[in-house]
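Asks: Need a 3D model of the sequence below.
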Amino acid sequence: MLINREVILAKTEVTYNTDPVPVAANDAVLVEGVNWSPEGARMQGRNAVRASLGKLQQVFGGTLRAVSFDCELKGSGTAGTAPEIGVLLRACGFGETIVASTSVTYAPVSTGIESCTIYYYQDGRLTTLTGCRGTVSFSMEAGGIAKASFNFVGHSATPSDAAIVTGTYDSTVPPTLKGASFTIDSFAAIIGNLSFDMGITLATPPNISASDGYGDVQITMRDVSGSIDPEDELVATEAFEANWRNGTSMALATGVIGSTAGNRFAISMPAVYYREITQGDRDGIRTNDLTFGAAESTTDDEVSIAFT
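Replies: Residues are numbered from 1 along each chain as shown. Here you go, the predicted model:
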């Protein structure tokens with residue numbers, strides 16, 4: 001089986017853990033680096049006392065399945081139309097707000113979190129995961145393509161042989177990280193990298209009534225955190241360490257990344273605070289390697305990703 005002959009389809013579920021049957025023409029998602037693994041697999045030992053010192057065969061007690069992959073961060077090509085990864089973001093605890101012909105914005109939610117079904121085709125084999133919810137992190141590097149890294153957990157039966165499908169993908173080419181502003185604490189910092197993780201906690205509670213022994217995969221908590229690497233400055237210009245020591249709450253914003261309507265995005269966080277500060281070196285230039293937490297300003301607003 002060839003690693004490069006793989007296809008991911010994903011579709012939002014109307015009812016949790018009920019397959020909405022994604023199709024290649026509408027639900028294909030362009031991904032990189034797909035991997036799967038059992039999640040919470042149970043193998044039950046049998047510690048019978050016998051004349052023999054050997055062990056009895058263990059019994060399979062059920063498992064979930066995890067699948068992970070990376071996606072490019074890009075628009076749909078049409079302002080006000082959800083990007084290809086929208087269904088994935090919604091299953092990672094984001095709400096979706098669409099303004100027709102203008103924007104699609106994603107921000108965290110604490111109720112009504114959606115789930116999705118994922119079809120994973122591997123060069124002649126199909127693995128179906130239902131009731132998927134997941135975690136996501138984002139990475140951005142100057143001159144590069146922003147990526148979203150997803151890890152989903154769902155219910156899955158044994159894979160079956162199936163002809164691989166030909167996905168229909170959004171042909172939009174992602175913008176690169178250049179020509180965009182970046183501010184933190186109202187200061188135009190010079191950074192090479194920005195990354196953040198939604199810090200999602202997934203719960204996989206047991207359920208003896210379920211065929212795999214597991215109940216609904218649930219998102220029970222999030223703790224948004226990230227890092228930046230701004231060039232160091234005089235204290236009078238920007239007091240990075242004082243802001244850390246004082247627990248200063250600051251706004252972070254990327255400005256608009258991309259120049260074409262329908263393929264632009266911007267990231268904002270209203271209340272970040274530094275968690276750690278260390279010195280760094282970028283081509284002989286002194287930098288600060290800063291980790292931050294992103295708190296709420298009101299409710300469910302730690303981060304916003306707006307596609308325009």
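Asks: all strands of the stretch 51-200 of the chain, in order?
Replies: Counting by DSSP state E, counting those that start in this stretch, residue ranges of the strands within the stretch 51-200 of the chain are 59-60, 64-72, 94-99, 103-108, 116-122, 125-141, 147-156, 160-161, 183-184, 193-197.
Asks: TSV please, covering those strands and showing distance to residue 227.
Replies: Glycine gets a C-beta too; all of them are placed from N, C-alpha and C. Compiled in TSV, these are given as follows (distance: least, Cβ to Cβ, whole Å):
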stretch	distance to residue 227
strand 59-60	41
strand 64-72	18
strand 94-99	21
strand 103-108	19
strand 116-122	29
strand 125-141	10
strand 147-156	14
strand 160-161	42
strand 183-184	12
strand 193-197	5
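Asks: Run a quick neighbour tally on the nearest residue to residue 235 once chain neighbours are set aside.
Replies: When the adjacent residues along the chain are set aside, residue 235 lies closest to residue 242, with 7.1 Å between them (Cβ to Cβ, 6 or more residues apart in numbering). Neighbourhood size, residue 242 [other Cβ atoms under 10 Å]: 11.
Asks: just to revisit the earlier point, can you tell which of the strands of the stretch 51-200 of the chain is closest to residue 168?
Replies: Residue 168 lies closest to strand 116-122 among the strands of the stretch 51-200 of the chain, at 13.8 Å (Cβ to Cβ).
Asks: what packs against that closest one?
Replies: On a contact count with 3 or more Cβ pairs under 8 Å, 6 or more residues apart in numbering; DSSP states H and E, strand 116-122 meets strand 6-12, helix 86-90, strand 125-141, strand 147-156.
Asks: Let me know the angle separating that strand from strand 125-141.
Replies: Here the directions of strand 116-122 and strand 125-141 differ by 110 degrees (axes from the mean of the first three to the mean of the last three Cα atoms, to 10 degrees).
Asks: List of residues touching strand 116-122?
Replies: Residues outside strand 116-122 that contact it (Cβ atoms under 8 Å, 6 or more residues apart in numbering) are 1, 5-13, 19-22, 34, 36, 67, 87-88, 90-91, 126-132, 152, 154, 162, 164-165.
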